[in-house]
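> take this sequence and fold it.
(one chain, ligands or ions: 1)
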Amino acid sequence: MIDTHTHLYDDATVVAQDEHIQRALAAGVHKMYMPNCDSSTIEGMLQIAERYPQHCFPMMGLHPCYVKENYREELAVVEKYLAARSFSGVGEVGLDFYWDQTFVKEQKIAFEQQIDWALAYRLPVIIHSRSSTQECLDIIKRRQKGDLVAIFHCFSGTPEQAQRVAAMGCYVGIGGVVTFKTSNLPEVLRAISLEHVVLETDAPYLAPVPYRGKKNESTYLPLIAEKIASVYELPLAEVERVTTENAEKIFR
Ligand SMILES: [Zn+2]
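Here you go, the predicted model:
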């Protein structure tokens, strides 16, 4: 299985990171993709990628929650790293109108700029779209000329919006929220085919039931796959196979 979104570098020590990764590997999660947040998370992320070149893959981007007064300097760091070494994707990027609306204009500028870079480097875009699904859909729709690949990570839109994602040739990232009782994600999943779904944990956030409220781990990815299998009434192995193929196609 592939965890398309895990902040492994949030584990404070190398020992904690190594134990986390070993547990995930033992649970059948053989690849983990790490989204970046801002300039402060790059070094820790790259150190993990160096220790686990077969299993842990770094991405590069400025997270919308970290777009502040100094966003131009932060974007310059992203630009520098994208030119200096290879990354698996541009992320996480996007819009977050939930936590703070002070820098909405700057968030949009940063998002568009980073889509430009993703297209230039032929990389997928990992989109964070908290309380902004419609705005992100509109931006991607406008930029989609056929070669843009995007994951709407931690998808929180409606079934209709999920259909729009799929119609643009993009993907919906499904994590622990799908296991929560009040989640609309089963409905979202039934509106699209498994060919447009990828697995993610967003560790250390949003742990699936029965770990809800605790620290999340890539190790818990099978719980998410199991829930998706029950929604689609498919064997677990089929969900693992298709979502792995989807992720391999995105990060090729
Ligand atoms: Zn994230």
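> confidence score at Arg252?
Arg252 carries a pLDDT score of 89 in this model.
> same deal with Ala110?
Per-residue pLDDT puts Ala110 at 98.
> again, but for Asp100
On pLDDT, Asp100 comes in at 87.
> now do Lys68
Confidence at Lys68, expressed as pLDDT, is 97.
> part of a strand, is it?
No - with DSSP: H, G, I helix; E, B strand; the rest coil as the criterion, Lys68 is coil rather than part of a strand.
> quick one: neighbours of it, just the number.
Counted with other Cβ atoms under 10 Å, residues neighbouring Lys68 total 13. (C-beta placed from N, C-alpha, C; glycine too.)
> got the contact list for it?
Lys68 makes contact with Phe103, Glu106 under the criterion Cβ atoms under 8 Å, 6 or more residues apart in numbering.
> so Gly94 is in which element?
strand 90-96 (DSSP states H and E).
> helices or strands next to the following helix or strand past that strand in the packing?
Helices and strands here follow DSSP H and E; after strand 90-96, the next one along the chain is helix 104-120. Contacts defined by 3 or more Cβ pairs under 8 Å, 6 or more residues apart in numbering; DSSP states H and E place helix 104-120 against helix 71-84, strand 90-96, strand 125-130, helix 133-143.
> nearest to Ala162, out of the ones you listed?
Nearest to Ala162, of all these, is helix 133-143, at 9.3 Å by Cβ to Cβ.
> what helices and strands are in contact with that closest one?
Against helix 133-143 (3+ Cβ pairs under 8 Å, 6+ apart) you get strand 90-96, helix 104-120, strand 125-130, strand 150-153, helix 159-167.
> give me the sheet partners of the shortest one and which way each runs.
The sheet places strand 150-153 alongside strand 125-130 (parallel), strand 171-174 (parallel), with pairing taken from DSSP bridges.
> comparing those, which comes out most buried?
Among the strands paired with strand 150-153, ranked by average contacts under mean count of other Cβ atoms under 10 Å, first place goes to strand 125-130 (a mean of 27).
> quick one: average confidence on it?
Strand 125-130 comes out at a mean pLDDT of 97.
> outside of the strand holding Gly94, which residues touch it?
With contact meaning Cβ under 8 Å, 6+ apart, strand 90-96 is reached by 5, 35-37, 59-65, 82, 104, 107-108, 110-111, 114-115, 117-118, 121, 123-132, 135-136, 151, 153.
> quick check: ChimeraX command selecting the buried ones in the residues you listed.
This is how ChimeraX selects the buried members of the contacts of strand 90-96, with burial counted by 16 or more other Cβ atoms under 10 Å:
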select :5,35,36,37,59,60,61,62,63,64,65,82,104,107,108,110,111,114,115,117,118,123,124,125,126,127,128,129,130,132,135,136,151,153
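> quick one: low-confidence ranges for the protein?
Counting by pLDDT under 70, the chain contains no low-confidence range.
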